[in-house]
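Undergrad: From the sequence below, what's the structure:
(one chain, ligands or ions: 1)
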Amino acid sequence: MVHKITTIGFDADDTLWQNEEFFRLTQGLFYDLLRDYADPDQLAERLLQSERKNLGQYGFGIKGFMLSMIETAIEVTDQQVPAEVIQKIIEAGQEMLSHPIHLLPHASDAVEALGRDFRLVLITKGDLLDQERKLAQSGLGEMFDAVEIVADKTPETYIRAFMRHGHGPDRAIMVGNSMKSDVVPAIEAGGWGIHVPSKFEWEMERAEAPVHHPRFRVMQDLSELEALVSQLV
Ligand SMILES: [Mg+2]
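TA: The predicted structure follows:
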């Protein structure tokens, strides 16, 4: 028996608002600060290694990113990094933490339109304070029936969220830019996964698209979401 879809989960960063682009800008600044010690490719590689290693302890978000940049700076300079450089890294991170939000095209319209017929759940990972700040600034907070700020996005995360706020994952759709965090685990949980690719994708969010899965869909941007959802229900 097929049950009707009742609930739609939205990712936040790079699905509703811009995020990765700010990380790239800060990374560019980081490469400039350390250009006397290493070239950008080496720095990118080392930074990614640090981020990967630290993820289990720091979680996702800007504060962990700052600490990984500092760690990388210490390593590539053989502990000679000037305090000024550390200060600039911290300032760049603080600027990210206070950067005004940029909603992506159609985000507000899509959320508003779907909110009329479905329960909407925002499911995002990252620093709690930062995500709360961005949600408040976005003006979209009121449109969601529930918000889940989680440490990571696994199939269990989606089972829990869609049980708690809906009628289980098989009656839910997850919409997001990350194949690895939004689409694949939501489908593994038994739900639908709609991929909305973003302009920039973080290395660690890449995964193979489940192209042959009947519950996988892709769209160009959120303007297509309402029509796509109406085909699935
Ligand atoms: Mg995202």
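Undergrad: which residues touch T124?
TA: D11, A12, D13, Q131, V147, E148, I149, V150 (C-beta atoms under 8 Å, 6 or more residues apart in numbering). The way it works is simple: take the backbone N, C-alpha and C, and place the C-beta from them, glycine included.
Undergrad: typo on my end, it should be T7
TA: So T7 contacts F118, R119, L120, V121, F162, H165, G166, H167, R171, A172, I173 (C-beta under 8 Å, 6+ apart).
Undergrad: State the phi and psi torsions of it.
TA: phi -130, psi 140 (degrees, to the nearest 10).
Undergrad: how close does it get to the ion?
TA: T7 sits 19 Å away from the ion, going by C-beta to the ion, to the nearest Å.
Undergrad: That residue pairs with what?
TA: According to DSSP bridges, the partner residues bridging T7 are R119, A172.
Undergrad: My read is that R119 contacts D145, right?
TA: Yes. When contacts are counted by C-beta atoms under 8 Å, R119 is listed as touching D145 (4.7 Å).
Undergrad: give me the number of residues near G9?
TA: Neighbours of G9 under the rule other C-beta atoms under 10 Å: 33.
Undergrad: Not counting its neighbours along the chain, what's nearest it?
TA: With C-beta to C-beta, 6 or more residues apart in numbering as the criterion, G9 has its nearest non-adjacent residue at 4.3 Å, and that residue is M174.
Undergrad: how about the host helix or strand of that neighbour as CSV, C-alpha atoms only?
TA: Using DSSP states H and E, M174 sits in strand 172-176. Provided in CSV are the C-alpha atoms of strand 172-176 (Å, rounded to 0.1, in the frame of the first residue of the first chain):
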residue,chain,number,x,y,z
ALA,A,172,8.7,12.2,3.3
ILE,A,173,10.9,13.9,0.8
MET,A,174,14.3,15.4,1.5
VAL,A,175,15.5,18.3,-0.6
GLY,A,176,19.1,19.4,-0.6
